[in-house]
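Asks: my questions concern the predicted model and sequence given below.
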Amino acid sequence: MNDTLAVMERPQAANTSEFDAIIVGAGISGMFMLYRLRELRMTARVFEIGSDVGGTWYWNRYPGARFDSESWTYGYSFSKELMQEWDWKEHFSAQPDTLEYLNYVAEKFDLRRDMQFHSTVTAAHWDDAANQWTVTLEGGQQARSRFLCTAVGILSAHTLPAIPGLESFRGPAYHTARWPHTPVDFTGKRVGIIGTGATAIQAIPEIAEQAEQLTVFQRRPNWAAPLHNSRISQAEMQEIKSRYDEIYAQCASTSMWFIHQADPRITLDVPPEERQA
């Protein structure tokens, strides 16, 4: 039996407010949690503030957004069928392609039938007597479960800088974590970007290609290395697919699940000529 049929036969959550588990967030972790709970024959409901799956890759649509780790190490490994079906386009996948992948996963395993979108969780309380959680949504809807799984991640809440005059600024203003779902045209515009973190490093060169003038405001210089991104040929993708077990075993042996092993040496233990090479 293939992976898709196996999941389709798992119990569906009925039209009820009580579940074995409630998951907050329909990003990468929330989607996988739902898949695993179904395998365990548990009913579950996912509450997601957005309008669809994707989490980080749903919200972060700014120009230049992409992986900073190799695409084929970022995908799910729970389904060998899925791993053989999906072809990554680039070594470091761009946001639209990553979101397309997550939509493909949601469709393949029919995950959306146990998800409720446009749903903001405002409170969760444990009831000792009933031995269950009561989860409250914005608007007053409540649901109960024995288990509560939070999958909101570390990139779900955006922060606006407390800059005097920001609220009265008359021009268009955007936050990279809440980028519009339609492209923004910077042609002929004077643009200011605040910050030089990882997001800005990706966005700056893309916006600079369009804007008439671009000014970057930074507190201190940042360090970045060339990405050396490139397309993945069909032959290379087939070779990667043949080595998935080896690739994931290597990732599991590293501290951050990257395909690369970290250099354990202290900076000053490295000869100057090697440090400056």
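Replies: Happy to help now that I have it. Note that the structure is predicted; figures quoted are calculated from it, not measured.

Asks: pLDDT weak spots in the protein?
Replies: Confidence mapping of the chain against pLDDT under 70 gives the ranges 1-16.

Asks: how about the helices of it, start to end?
Replies: Shown for the chain, the helices assigned by DSSP state H span residues 3-8, 28-39, 56-59, 71-74, 80-85, 95-108, 198-208, 234-242, 244-252, 272-275.

Asks: export these as JSON lines, with columns for distance to Phe258.
Replies: In this view, the C-beta of every residue, glycine as well, is placed from N, C-alpha and C. Shown next, in JSON lines, are these (distance: least, Cβ to Cβ, whole Å):
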{"stretch": "helix 3-8", "distance to Phe258": "26"}
{"stretch": "helix 28-39", "distance to Phe258": "16"}
{"stretch": "helix 56-59", "distance to Phe258": "17"}
{"stretch": "helix 71-74", "distance to Phe258": "7"}
{"stretch": "helix 80-85", "distance to Phe258": "18"}
{"stretch": "helix 95-108", "distance to Phe258": "17"}
{"stretch": "helix 198-208", "distance to Phe258": "15"}
{"stretch": "helix 234-242", "distance to Phe258": "16"}
{"stretch": "helix 244-252", "distance to Phe258": "7"}
{"stretch": "helix 272-275", "distance to Phe258": "21"}
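
Asks: which one of these lies nearest to Pro164?
Replies: In terms of Cβ to Cβ, the element of the helices of the chain nearest to Pro164 is helix 198-208, at 21.6 Å.

Asks: so which elements touch that closest one?
Replies: For helix 198-208, the packing partners by 3 or more Cβ pairs under 8 Å, 6 or more residues apart in numbering; DSSP states H and E come out as strand 190-194, strand 213-217.

Asks: sorry, back to before: out of the helices of the chain, which gets nearest to Arg144?
Replies: Closest to Arg144 of the helices of the chain is helix 28-39 (Cβ to Cβ; 15.7 Å).

Asks: can you list the buried residues in that closest one?
Replies: 28-35, 37-38 (16 or more other Cβ atoms under 10 Å).

Asks: residues touching the residue nearest to Ile259 when sequence neighbours are not counted, list them.
Replies: Distances taken as Cβ to Cβ, 6 or more residues apart in numbering place Thr73 nearest to Ile259, at 5.1 Å, with adjacent residues excluded. Listed by Cβ atoms under 8 Å, 6 or more residues apart in numbering, the contact set of Thr73 reads 247-248, 251, 257-259.

Asks: of those residues, buried ones?
Replies: Buried among those by 16+ other Cβ under 10 Å: 247-248, 251.

Asks: from the centroid of the chain, which residue is nearest?
Replies: By Cα atoms, centre = their mean, the chain has its centre lying nearest to Thr56, at 3.4 Å.

Asks: if we can go back for a sec, among the helices of the chain, which is nearest Arg190?
Replies: Taking Cβ to Cβ, helix 198-208 is the member of those nearest to Arg190, at 11.4 Å.

Asks: may I have that closest one as CSV, with CA atoms only?
Replies: Output of helix 198-208 as CSV, limited to C-alpha atoms (Å, rounded to 0.1, in the frame of the first residue of the first chain):
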residue,chain,number,x,y,z
ALA,A,198,19.8,37.4,6.8
THR,A,199,16.5,38.6,5.4
ALA,A,200,17.9,41.9,4.2
ILE,A,201,20.9,40.2,2.7
GLN,A,202,18.5,38.3,0.5
ALA,A,203,16.2,41.2,-0.3
ILE,A,204,18.6,44.0,-0.9
PRO,A,205,20.1,42.8,-4.2
GLU,A,206,16.7,41.9,-5.6
ILE,A,207,15.1,45.3,-4.7
ALA,A,208,18.2,47.2,-5.9
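
Asks: now do the buried residues in that helix.
Replies: So, applying 16+ other Cβ under 10 Å, buried residues of helix 198-208: 199-204, 207.

Asks: that helix vs strand 213-217, what angle?
Replies: Orientation of helix 198-208 against strand 213-217 (axes from the mean of the first three to the mean of the last three Cα atoms, to 10 degrees) gives an angle of 170 degrees.

Asks: run the chain-centre distance for helix 198-208.
Replies: 18 Å (Cα atoms, centre = their mean, to the nearest Å).

Asks: how close does the closest residue to Met42 other than its chain neighbours sit to Arg41?
Replies: Ranked by Cβ to Cβ, 6+ apart and with sequence neighbours excluded, the top spatial neighbour of Met42 is Asp20, at 3.9 Å. Distance, Asp20 to Arg41, using Cβ to Cβ, to the nearest Å: 9 Å.
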